[in-house]
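Here is a sequence with its predicted model. Questions after.
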Amino acid sequence: MKRATIYDVARHAGVSHQTVTRFLNGFEGIRPATRAKVQAAIDELNYRPNGAARWLRSRQSNRIGILAHRMELSGPGRIIAGATIAARRHGYVLDIASMDGEDAASVDGALDVVMEHQIAGVFATAQTDVVREAVAQRGLDVPISIDSGEGLSSFGGNPRAHPGRLAAAHLAELEHRRVAFVNGPGVWIAAGERRTGFLDVAAERGLDVVWEYEGDWSADAGYRAAQLLPDDVTGVALANDSMAIGLIFGLAERGIRVPEDVSVIGMDDAPESRFHLPSLSTIRLDFEGEGAYLMNVLIAKIEGGDVGDVPGYRLPELVRRGSTAEARRAGK
């Protein structure tokens, strides 16, 4: 049986082949009804991108090496999930090499693993400067897509969209004045950027950041932070949801109620956050969209496409749930 092409899909769906291509590239600006027709045609025709055919035509490998750091964490794991889906849509096969992004030797070892095969490009989730520097020093002769962290360029140059800034603004709007910030490891790029964003808006809005703590992204780190949190703090922002959940549990053991006594806001919007008691206020980040974007940029480089045509991903947004409320304690 002849393998279906994008032209077959387009005819079956009653759309142009350009629309099918945009759909496969993850373009968000397609009407829902059109998206549904294209997806139905793909399913009915059992369409699969022909990576082998591409390789025969161009002698270009259809393998992409992924350097993966801390996949067990929500953010990195979801970025790689989004990248994987995007790669498969284009017919690419992924070679995933785990690494310790804080150890240059580990990053070099992961690069050695993926470079053992003929690969078309390298995708790296660079949570640390160690990863960036190790990749740069190798002088690879294949296209590279590397996560640039959460600087303003990541969110279309919109400073209000930064997760740390959104969290501080939320606490300010709830009239909290004495607040705390629990961060991830300082070596992580995202941790530094989330802290900077939080402190910048805290200063702008007159918040007094009376206490900071550096954790390791785990719920246990949040629990430890809860034991040390000063009594006069009424609002706490944490750089991820796992630490926020641990903090809430630790505060409960101290007899401190959330949000009646202390408001708590996380970042990431991990899938379990809305099922916590109380449900966790957080900053939603489109990790899957970010992973798809970075992978599509890499594939555009590999195939000689226009990187500027790659669709972006959703901006961070506040998700207000049950763990934050207006400051209520007298004098706070």
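Nice, I can see it.

Near the closest residue to D208 other than its chain neighbours, how many other residues are there?
With CB to CB, 6 or more residues apart in numbering as the measure, R178 is the residue that lies nearest to D208, at 5.2 Å, once sequence neighbours are left out. Where C-beta positions appear, they are placed from N, C-alpha and C, glycine not excepted. Taking other CB atoms under 10 Å as the criterion, the count of residues near R178 is 18.

contacting residues for G109?
Counting by CB atoms under 8 Å, 6 or more residues apart in numbering, G109 makes contact with M99.

Next: R205.
168-169, 172.

Which PyMOL command selects the buried ones in those residues?
Provided next is the PyMOL selection string for whichever of these are buried by 16 or more other CB atoms under 10 Å:
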select buried, resi 168+169+172
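
Looking at the contacts of R205, which are in helices?
The helices, defined by DSSP state H, take in 168-169, 172 from those.

now these as TSV including pLDDT and distance to S16?
Output for the ones in helices among the contacts of R205, formatted as TSV (pLDDT from 0 to 100; distance: CB to CB, whole Å):
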residue	pLDDT	distance to S16
A168	97	46
A169	97	43
A172	97	48
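
Of those, just say which sits nearest to Y213.
Distance from Y213 was checked for each of the ones in helices among the contacts of R205 by CB to CB. The minimum falls on A168, at 16.1 Å.

could you list every residue that touches the closest one?
When contacts are counted by CB under 8 Å, 6+ apart, A168 touches 179, 197-202, 205, 207, 237.

all helices for the stretch 201-332 of the chain, in order.
Across the stretch 201-332 of the chain, reading from the start of the chain, the helices by DSSP state H, counting those that start in this stretch fall at 219-228, 241-253, 287-303.

what do you get for the stretch 51-200 of the chain?
Under the criterion DSSP H, counting those that start in this stretch, helices of the stretch 51-200 of the chain are mapped to 51-58, 74-89, 104-115, 129-138, 163-173, 189-205.

CSV for the helices of the stretch 201-332 of the chain, including mean pLDDT?
Formatted as CSV, the helices of the stretch 201-332 of the chain follow (pLDDT from 0 to 100):
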stretch, mean pLDDT
helix 219-228, 98
helix 241-253, 97
helix 287-303, 90
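
Might you list the low-confidence residue ranges for the protein?
Per-residue confidence for the chain (pLDDT under 70) gives these ranges: 1-2, 25-28, 49-60, 148-161, 329-332.

how about 50 then?
Within the chain, the stretches falling below the threshold (pLDDT under 50) are 52-53, 55-58, 151-154, 156, 329-332.

thinking again about what came up before, run through the residues that contact the residue nearest to D208.
Applying CB under 8 Å, 6+ apart, one finds that R178 lies in contact with 207-208, 210, 232-235, 332.

any idea how far T282 is from it?
The spacing between R178 and T282, counted by CB to CB, to the nearest Å, is 21 Å.

cool, and R194?
R194 is 12 Å from T282, where distance means CB to CB.

Also Q227?
Relative to T282, and taking CB to CB, Q227 is found at 22 Å.

more neighbours, those two?
A side-by-side neighbour count of Q227 and T282, using other CB under 10 Å, places T282 first with 32 against 11.

Which residue lies nearest the spatial centre of this protein?
The central residue of the chain, meaning the one whose C-alpha is nearest the mean C-alpha position (CA atoms, centre = their mean), is F287 at 2.9 Å.

So it sits against G82, correct?
Yes - at 6.5 Å, F287 counts as touching G82 under the criterion of CB atoms under 8 Å.
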